[in-house]
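# Output the structure for:
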Amino acid sequence: MLTDKETALLNAATDLIKEHGMIALNMSDVHKKAGYSRAAQYQSFSDKNSLLAALCMRELVQNTSALNEQRYTEMTSDFTVVLRPVVYNYLKLSDRLMIDSAFNHMLDAVQTLPDVEQFSFLKQGFNFLNQERINAA
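Predicted coordinates:
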C-alpha cells in the first residue's frame with residue numbers, strides 16, 4: 001500500500017512524464033511538483049529507476065484490477081515501456097522481482113479475456129512482451 005507521500009510523488013512524476021517525456025524526467029522536479037523535500041523523495045525512491053519501477057508496478061496493479069472487474073476503459077499503458085528489457089534490465093533485482101510478479105498476474109488476466117476483436121491487440125501485445133522478456137532472460 002502506498003503512502004500519501006508516495007502517491008503524491010508518483011502522481012507528480014506521471015504528470016511530468018506526460019508533459020516532457022520519460023527521458024527528460026528530472027528527480028528534482030518530481031519532489032518540487034509534489035510539494036515534498038528532496039530528502040523525503042529519496043526516502044521513498046532512491047533514484048529515477050526505482051521511481052519508474054514504482055510507476056510501472058502501480059500501473060500493472062491498477063490494470064489487473066480493471067481487467068478483473070471488467071473496467072476496460074480505465075486501463076492505461078503509460079509505463080509499459082519499463083517492462084521492455086532495455087529499461088527493465090537496469091532496475092534493481094528487488095524491483096524486477098516485484099514487477100515480474102505483477103506482470104504475471106496481469107498476463108494471466110489478459111489471457112482469460114475472450115478471443116474477440118476488442119481484446120486481440122491487448123492479447124497480442126502482452127504475448128509479444130512476454131516472449132521478448134523470456135528471450136532476454
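
# What is the burial count for G35?
By other C-beta atoms under 10 Å, the residues close to G35 number 11. The way it works is simple: take the backbone N, C-alpha and C, and place the C-beta from them, glycine included.

# Just give the nearest non-adjacent residue to T76, would you?
E59 (5.9 Å; C-beta to C-beta, 6 or more residues apart in numbering).

# for the strand or helix carrying N130, which positions count as buried?
Assigned by DSSP states H and E, N130 belongs to helix 117-136. Neighbour counts over helix 117-136 (16 or more other C-beta atoms under 10 Å) mark L122, K123, F126, L129, N130, R133 as buried.

# Which single one of those is nearest to N104?
Nearest to N104, judged by C-beta to C-beta, of these is N130 at 8.8 Å.

# Now the closest one. Nearest residue, chain neighbours left out?
L107 (5.8 Å).

# what about the one you found, how many neighbours?
L107 has 18 neighbouring residues, counting by other C-beta under 10 Å.
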